[in-house]
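**Q** pasting the sequence and the predicted model now:
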Amino acid sequence: MSRLHRENHLVERIGWLRAAVLGANDGIISTASLILGVASASASQSDVLLTGVAGLVAGAMSMAAGEYVSVSSQSDTEHADLAREKKELADDPVFEREELAQVYVARGVEAELAREVAKQLMTKDALGAHARDELGISEITTARPVQAALASAATFSVGAAAPLALVLVSPSSVLIPVVSVGSLLFLALLGAIGAKAGGAGLLRPTIRVTFWGALAMGLTAGIGAIFGKVV
């Protein structure tokens, strides 16, 4: 028999990958849109740059706070479910063993074998077995608020820095087309990187993120141009 080896599954990356892609994508789109909206309103290049920097700082903090609160809520729910399950195991372990066995029966395991599996798993780690197979809580999917918050803030900042760099190197006369095209290229690259890291095909994720980015930037630039003339 060949030696067993540890397999690295892509699903193990889902927690940090989701937060990282979301953060960078939001950083590029929101900052580029903000820059284009202000630039379309005939603001000076220094005002555009200042607006972009303020958007980076505010956006990074917003992403961190939002991710932390959201994932903390998930973590609170998980802990509440685990506490309730722990109490049920202490109050009626026989019923809980049968309940776990029925989970395996529903998945296609024969009843007697399911009961034996439930018995052995609960002997080793009763709460872990119920958390994983009854509640769907595992090490891979466990909520990590701090990790999600830091990943979102950091990747938002990296994403937002890209259109800001374009403002710095662009002559004021071509700032809008340079930021527009450059930001779309950054988004396409991000979509491809996210797809590659997640093991998906490259084309659809790249088109998806680029399309929504173009739509957001186009709408914001249009609003900036309209209100710039009015004001």
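**A** Great, that's in hand.

**Q** remind me, longest helix of this protein?
**A** helix 45-91 (DSSP state H).

**Q** model confidence for R3, exactly?
**A** What the model reports as pLDDT for R3 is 54.

**Q** next one: the one 5 residues further on
**A** The per-residue pLDDT reported for N8 equals 50.

**Q** so the helix or strand bottoming out on mean pLDDT in the chain versus helix 45-91, what angle?
**A** Every helix and strand in the chain was compared by mean pLDDT, DSSP states H and E; the lowest is helix 14-40, with a mean of 82. Between helix 14-40 and helix 45-91, the angle comes out at 160 degrees (axes from the mean of the first three to the mean of the last three C-alpha atoms, to 10 degrees).

**Q** what's helix 14-40 packed up against?
**A** On a contact count with 3 or more C-beta pairs under 8 Å, 6 or more residues apart in numbering; DSSP states H and E, helix 14-40 meets helix 45-91, helix 145-169, helix 175-198, helix 203-230. For glycine as for every other residue, the C-beta is placed from the backbone atoms N, C-alpha and C.

**Q** closest one to L135 among these?
**A** Nearest to L135 among the helices and strands packed on helix 14-40 is helix 45-91; the distance by C-beta to C-beta comes to 5.4 Å.

**Q** output the contacting helices and strands for the closest one.
**A** helix 14-40, helix 93-106, helix 111-133, helix 145-169.

**Q** could I get these in TSV, plus columns for distance to V48 and mean neighbour count?
**A** Formatted as TSV, these follow (distance: least, C-beta to C-beta, whole Å; neighbours: other C-beta atoms under 10 Å):
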stretch	distance to V48	mean neighbour count
helix 14-40	5	23
helix 93-106	57	16
helix 111-133	51	16
helix 145-169	6	21
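
**Q** could those go into JSON lines alongside distance to T51?
**A** Formatted as JSON lines, the helices and strands packed on helix 45-91 follow (distance: least, C-beta to C-beta, whole Å):
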{"stretch": "helix 14-40", "distance to T51": "5"}
{"stretch": "helix 93-106", "distance to T51": "54"}
{"stretch": "helix 111-133", "distance to T51": "47"}
{"stretch": "helix 145-169", "distance to T51": "10"}
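
**Q** so for A195, which of those helices sits nearest?
**A** Here helix 14-40 is closest among the helices and strands packed on helix 45-91 (C-beta to C-beta), at 9.3 Å.

**Q** for A151, see how far away S170 is.
**A** 30 Å (C-beta to C-beta, to the nearest Å).

**Q** my error: substitute G23 in the last question.
**A** 6 Å.

**Q** swap in V21?
**A** To A151, V21 is 10 Å away according to C-beta to C-beta.

**Q** tally of neighbours for E134?
**A** 15 (other C-beta atoms under 10 Å).

**Q** so it makes contact with A101?
**A** No - between E134 and A101 there is no contact under C-beta atoms under 8 Å: 10.8 Å.

**Q** buried deepest among the helices and strands packed on helix 14-40, which one?
**A** helix 145-169 (a mean of 21; mean count of other C-beta atoms under 10 Å).

**Q** so where's this protein shaky on pLDDT?
**A** 1-19, 138-143, 197-200, 229-231 (pLDDT under 70).

**Q** distance-wise, check the nearest residue to G55 once chain neighbours are set aside relative to L189.
**A** Spatial nearest neighbour of G55, chain neighbours left out: L34 (4.5 Å); criterion: C-beta to C-beta, 6 or more residues apart in numbering. Distance of L34 to L189, computed by C-beta to C-beta: 20 Å.
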